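J.: predicted model follows, preceded by the sequence.
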Amino acid sequence: MYLFISCLIFILSLLLSVAFLTLVERKLLAVVQKRRGPNIVGYGLFQPLADGLKLVIKEMCILFLSNKTLFF
């Protein structure tokens, strides 16, 4: 049980750190390119959450008569 909880905490902390590192990367690229970054709503704190939600909600469309091995 202890191993499961420690692994879960490790995975969640890793996912959160990756999410906020992408936020930092976007802000730095915005500064380099002299444009506004993802800081419109909540100073960009909700951007990683929105990216994760978009990834989960997005569905893959595969045509019915397509060659699936070639598609993938």
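T.: Good, I have the coordinates. Numbering: from 1, shown residues only.

J.: distance of Val18 relative to Ala30?
T.: From Val18 across to Ala30, the span is 19 Å (C-beta to C-beta, to the nearest Å). C-betas here are computed from N, CA, C, even on glycine.

J.: show me which of those two is the more surrounded one.
T.: The neighbour comparison of Val18 against Ala30 (other C-beta atoms under 10 Å) goes to Ala30, with 15 against 11.

J.: list the buried residues in the longest helix anywhere in the chain.
T.: Ranked by number of residues, the top helix in the chain under DSSP state H is helix 2-32. Using 16 or more other C-beta atoms under 10 Å as the test for burial, helix 2-32 gives Leu23, Arg26, Lys27.

J.: packing partners for that helix?
T.: helix 47-57 (3 or more C-beta pairs under 8 Å, 6 or more residues apart in numbering; DSSP states H and E).

J.: got the buried residues for the helix it packs on?
T.: Buried residues in helix 47-57, counted by 16+ other C-beta under 10 Å: Gln47, Pro48.

J.: distance of the residue of the chain positioned farthest from its centre from Glu59?
T.: Counting by C-alpha atoms, centre = their mean, the extreme residue of the chain relative to its mean C-alpha position is Leu65, 31.6 Å from that point. Between Leu65 and Glu59 the computed distance is 19 Å (C-beta to C-beta).

J.: please apply the same query to Ile9.
T.: 31 Å.

J.: same thing with Phe46?
T.: Per C-beta to C-beta, Phe46 is found 22 Å from Glu59.

J.: give me the more crowded residue out of the two.
T.: The neighbour comparison of Phe46 against Glu59 (other C-beta under 10 Å) goes to Phe46, with 14 against 5.

J.: retrieve the pLDDT associated with the more buried one.
T.: The model reports Phe46 with a pLDDT of 76.

J.: go on, Val18?
T.: You'll see Val18 listed with a pLDDT of 88.
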